[in-house]
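Colleague: What follows is a predicted structure for the sequence shown.
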Amino acid sequence: MSSMPEIFENLLKESSIFANRDALSPHYMPNNLLFREKQIDGIVKYLTPSLRGERGRNLFIYGKTGTGKTSCMKYVIEKIKEVPAIKAKISYINCRIYNSRYRVLSKIVNDHLPSYAKRGYGIVDIYEKIINWIEEDGKILIVVLDEIDVVKDLDDLIYTLTRANSDIKNGGVTIVGISNKISFKEELDPRSISTLYENELVFPPYNSTELAAILKQRAEISFKPGVIDDSSINLAAAIAAKESGDARLALKILSKAGEIAEEKGLSKITAKEINEAAKSADEEVAYELVGTLPEHQKLVLYAISLLTMQGSKYKKLMDDTESYLFSGEVYDKYVAICGSLGKEPKSARWYRNYIQDLEMQGLITTYESGKGIRGHTKLIKLSYSPDRIKSIIEKEFFKESEAEGTKSNDEK
């Protein structure tokens, strides 16, 4: 057994694989964002009136996870800051952290009036302070709401921010909403839809060729010379493109492959390490995704994980032994979980949207049954470990006491 000093010495040894491990992080910002020139130009075009000091139209950006939405928006924000002549003020807000109207408004104040933010005022006072600050010299405030769909009182937030333009005589507010959910629009109040969707920008998934170029760009920075060749990079890109076109998954595969090679004491990453990394990287990305789902999508997925562990009550009707669930029983379980938590369940129409979104993100698979199984119905299957997903949701969504209460009720 190695002594503690030896363990630390081994940890501190210079890597034989990595030159800059951070370059494979999804948060790393390269000098050039490949294959997103059109989307970057679109963001700039739609924000141009606001950047000129005029009241602009709101913008909604959407696309699947790992398509570069956040990176492009942050890239544009950094470029805007480099132009002194632009007087517009920007608040970039991660709604995963600031997930209510009060928190969003508090973040805006903290960004631009930090001394005031420390005083702990109520929402009306904060709103009035923002309005007065904008009117002082006719500012234009651009509010970027990343992962906007997780804001709990979103319709109230949109109403408040758009109402500001009625209350402001000199200046204005422009909203940029970013979401992974294609069906997000259907969950909004009609007034919020007409306000938020004045301009739309779609980010498509990357194809295999694009992912390979992105990985090559990052690999040149991240790995030492000669560690990885084009064939291994192309393999990682092909695997990620086949799954979802998710750049984060592609980067995760490359990073994991480097770690595996390092652990084995290798000097090169081969196809063997790429394939080995892909098995665990896909699961890691999926489990990370679970923690970022909106509230009711988590509850639906939680219901699916519980039922998968228990088995469908209709499994005797099934011709095979696979763990498929009936859509109706999943909805019933979801409603029961909402009831145990004192939450209002969403309608069956919204539930169908959640199922569609969960499938699009690869967390579940579905198919329509034939007439032989209780008529035509949708069958649902979980793509990953129900125990792991259940545990993640209980830790990240439920309070411990709620999780235990729900677990005990559902396992009776």
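Modeller: Yep, it's here.
Colleague: does Gly265 count as helix, strand or coil?
Modeller: Under DSSP: H, G, I helix; E, B strand; the rest coil, Gly265 falls in the coil class.
Colleague: Return the residues in contact with it.
Modeller: With contacts defined as CB atoms under 8 Å, 6 or more residues apart in numbering, the neighbours of Gly265 are Ser16. C-beta here means a position set from N, CA and C on the backbone, and glycine is covered the same way.
Colleague: got it, and Ile131?
Modeller: The contact partners of Ile131, by CB under 8 Å, 6+ apart, come to Ala164, Asp167, Ile168.
Colleague: count of residues packed around the first one?
Modeller: Around Ala164 there are 19 other residues, counting by other CB atoms under 10 Å.
Colleague: Residue numbering should commence at 29 henceforth.
Modeller: Renumbered: residue one is now 29, and that last one reads Ala192.
Colleague: How about the secondary structure of it?
Modeller: For Ala192, the reduced secondary structure class is helix; criterion used: three-state DSSP.
Colleague: I'd guessed it sits against Gly199; true?
Modeller: No. With contact defined as CB atoms under 8 Å, Ala192 and Gly199 do not form a contacting pair (9.2 Å).
Colleague: list the residues that contact both of these two?
Modeller: Residues within reach of Ala192 and of Gly199 at once, by CB under 8 Å, 6+ apart, are Ile162.
Colleague: and which of the contacts of Ile159 is nearest Asn235?
Modeller: Ala192 (40.8 Å; CB to CB).
Colleague: For that closest one, which non-adjacent residue is closest in space?
Modeller: Counting by CB to CB, 6 or more residues apart in numbering, Ala192 lies nearest to Val201, which is 4.7 Å off, once chain neighbours are set aside.
Colleague: Surely that neighbour forms part of a strand?
Modeller: Yes. Counting by three-state DSSP, Val201 falls inside a strand.
Colleague: Enumerate the beta-bridge partners assigned to it.
Modeller: Listed beta-bridge partners, Val201: Leu169 (assigned using DSSP bridges).
Colleague: Show the model's pLDDT score for it.
Modeller: In this model, Val201 is scored at 97, pLDDT.
Colleague: For it, list the residues it contacts.
Modeller: Val201 sits next to Ile162, Ile168, Leu169, Ile170, Val171, Leu189, Thr190, Ala192, Asn193 when contact means CB under 8 Å, 6+ apart.
Colleague: what's the spacing between it and Glu106?
Modeller: For Val201, the distance to Glu106 equals 21 Å [CB to CB, to the nearest Å].
Colleague: Could you do Ile221 as well?
Modeller: With the distance defined as CB to CB, Ile221 ends up 30 Å from Glu106.
Colleague: more neighbours, these two?
Modeller: Neighbours around Ile221 and Glu106, counted as other CB under 10 Å, are more numerous at Ile221. The numbers are 16 against 10.
Colleague: Which helix or which strand is home to that one?
Modeller: Ile221 belongs to helix 218-224 when elements are defined using DSSP states H and E.
Colleague: and if you look at Lys180?
Modeller: Secondary structure (DSSP H and E) places Lys180 outside all helices and strands.
Colleague: Just confirm it contacts Lys371, I think it does.
Modeller: No. At 10.9 Å, Lys180 and Lys371 do not qualify as touching, with contact defined as CB under 8 Å.
Colleague: Which pLDDT value does the model give Leu294?
Modeller: As summarised for this prediction, Leu294 has a pLDDT of 95.
Colleague: let me redo that: Leu321
Modeller: The predicted structure lists Leu321 with a pLDDT of 87.
Colleague: For Phe354, see how far away the residue nearest to it when sequence neighbours are not counted is.
Modeller: The shortest distance from Leu321 to any residue other than its chain neighbours is 6.7 Å, reached at Leu329 (CB to CB, 6+ apart). From Leu329 over to Phe354 the distance is 16 Å, taken as CB to CB.
Colleague: And those two? Which one has more around it.
Modeller: Between Leu329 and Phe354, Leu329 has the larger neighbour count (other CB under 10 Å), namely 28 against 22.
Colleague: before we move on, which element is that one in?
Modeller: Counting by DSSP H and E, the secondary-structure element that holds Leu329 is helix 323-338.
Colleague: How far off centre is that helix?
Modeller: When distances are taken as CA atoms, centre = their mean, to the nearest Å, helix 323-338 is centred 19 Å away from the chain's centroid.
Colleague: Contacts for it next, please.
Modeller: Outside helix 323-338, the residues that reach it (CB under 8 Å, 6+ apart) are 178, 180, 318, 321, 351, 353, 357-358, 361-362, 365-366, 369, 371, 373-374, 378-379, 382-383, 385-386, 391-392, 408-410, 414-415, 417-418, 421-422, 424-425, 438-439.
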